[in-house]
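S.K.: Structure, please.
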Amino acid sequence: MKKAFIQLHIAVLLAGFTGVLGRLITLNEGLLVWYRLMFTAATLWIIALFQKKASNISFKNLVKIFGVGAIAAMHWVTFYGSIKYANVSIALVCFSSIGFFTALLEPLLFKTKLNKRELLLGLLAVAGISFIFHFDPTYKTGIIVGLISALLGSLFPILNKKLLEKIDPYTITLYELSGGFLFLSLLLPLYLQLFPASHFIPTVKDTLWLLILSWFCTVLAFSFSMQALKKISAFTVNLSYNLEPLYGIILAFIIYREDRSLNTGFYLGFFMIIISVVLQSWLVYSAIREAK
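M.R.: Numbering: from 1, shown residues only. Predicted structure coming up:
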């Protein structure tokens with residue numbers, strides 16, 4: 001269990017860089033995710049071919065994994081869309097509502113009893129976002145898109161939990177990201193009609209940031225997250241990812257000085273979200289100690 005928590009928090013730390021990199025990359029959000037998935041899937045297939053890591057799976061499971069990959073792709077598109085419509089800090093704070101959506105959806109999908117404690121902690125994060133929305137309506141579109149991203153983001157760890165009972169983490173990661181790439185490749189022509197891009201080919205700097213985003217913040221982070229899911233509940237994994245805004249926002253403050261454009265409502269909301277993360281971490285730690 002201890003190893004799983006270490007893996008999880010390394011993944012969260014790496015994920016904290018995704019928002020900053022998303023703003024650095026000048027591509028439109030659809031193209032950004034398409035290139036990210038292309039580089040990531042290509043890297044995973046090279047590793048799979050040389051190390052023979054991927055295992056054979058049935059067509060039925062392949063369809064399921066591709067479906068989860070499509071959800072993951074749209075989660076990323078909406079996440080980076082939130083950054084473009086608002087900023088890194090707003091997008092990352094909206095991401096923290098993932099705990100609330102997980103608390104609702106996990107019992108619904110698995111037909112288990114609703115955990116009131118998890119729901120209340122998730123609601124605390126949502127209350128924090130409502131503070132930001134109420135005090136500063138400037139980022140209305142970015143917040144709405146960010147909440148859609150959180151909803152989608154809550155689904156694929158829940159669905160992965162079921163898949164991990166039958167298939168190894170590397171195979172799931174490989175086929176999910178490949179499926180996400182194929183799905184977005186089919187969707188992209190229509191997407192670019194609705195949301196035109198200023199340019200389609202990444203610059204040299206964009207390519208460098210995309211490779212860092214793909215290799216470290218995706219391949220490595222995804223692998224650690226999958227390993228952690230084998231020992232830790234989907235809700236705990238998702239709520240732990242609420243630390244991502246903390247890391248990402250600190251970086252956004254340092255690099256982009258976003259603190260200059262954020263008001264009191266943002267800090268009040270963000271403080272409520274941090275409380276929800278601390279409480280959940282303490283409750284999980286207490287449960288582990290009692291189990292020993």
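S.K.: where's G30, which helix or strand?
M.R.: If you go by DSSP states H and E, G30 is part of helix 29-51.
S.K.: Tell me which stretches of the stretch 51-200 of the chain form helices.
M.R.: 59-85, 88-95, 98-110, 116-135, 140-163, 169-194 (DSSP state H, counting those that start in this stretch).
S.K.: looking at the ones you listed, which is buried most?
M.R.: Most buried of those, by mean neighbour count (mean count of other Cβ atoms under 10 Å): helix 88-95, with a mean of 29. Using the backbone N, CA and C atoms, a C-beta is placed for each residue, glycine as well.
S.K.: quick one: which of the helices of the stretch 51-200 of the chain is nearest L243?
M.R.: L243 lies closest, by Cβ to Cβ, to one member of the helices of the stretch 51-200 of the chain: helix 88-95, at 10.3 Å.
S.K.: What lies in contact with that closest one?
M.R.: The contact list for helix 88-95, computed with Cβ atoms under 8 Å, 6 or more residues apart in numbering, reads 19-20, 22-23, 79-80, 82-83, 128-129, 132, 139, 142-143, 146-147, 149-150, 153, 241-242, 244-245, 248-249, 251-253, 256, 258, 262, 266, 269-270, 273.
S.K.: Averaged pLDDT, it. What do you get?
M.R.: Helix 88-95 carries an average pLDDT of 86.
S.K.: just checking, M272 touches A125?
M.R.: Yes: the criterion here is Cβ atoms under 8 Å, and M272 meets it with A125 at 7.1 Å.
S.K.: lowest-confidence helix or strand of this structure?
M.R.: helix 234-240 (a mean of 67; mean pLDDT, DSSP states H and E).
S.K.: how close does W34 sit to I254?
M.R.: 29 Å (Cβ to Cβ, to the nearest Å).
S.K.: Which of the two has more residues huddled nearby?
M.R.: In this view W34 and I254 are compared by other Cβ atoms under 10 Å, and W34 has more residues nearby, 24 against 11.
S.K.: The residue lying closest to that one once chain neighbours are set aside: what's it in contact with?
M.R.: Leaving aside its chain neighbours, W34 sits nearest to L184 (5.2 Å; criterion: Cβ to Cβ, 6 or more residues apart in numbering). Neighbour list for L184: 30, 33-34, 37, 70, 73, 77 [criterion: Cβ under 8 Å, 6+ apart].
S.K.: Show me the shaky parts of the stretch 1-150 of the chain.
M.R.: Where the stretch 1-150 of the chain drops to pLDDT under 70, the residues are 1, 135-136.
S.K.: go with 80
M.R.: 1-5, 9, 52-55, 96, 99-100, 103, 110-119, 121-122, 125, 129-138 (pLDDT under 80).
S.K.: May I ask you to confirm that Y170 is in contact with Q227?
M.R.: No: contact between Y170 and Q227 fails when scored by Cβ under 8 Å: they sit 9.5 Å apart.
S.K.: residues touching the nearest residue to G69 once chain neighbours are set aside, list them.
M.R.: Among residues not flanking G69 along the chain, G179 sits closest, at 3.1 Å (Cβ to Cβ, 6+ apart). Residues in contact with G179 (Cβ under 8 Å, 6+ apart) are 65-70.
S.K.: mind putting those in CSV, distance to V219 included?
M.R.: Below are the contacts of G179 laid out as CSV (distance: Cβ to Cβ, whole Å):
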residue, distance to V219
I65, 17
F66, 19
G67, 21
V68, 17
G69, 14
A70, 19
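S.K.: Now I275. Nearest residue, chain neighbours left out?
M.R.: L124 (6.5 Å).
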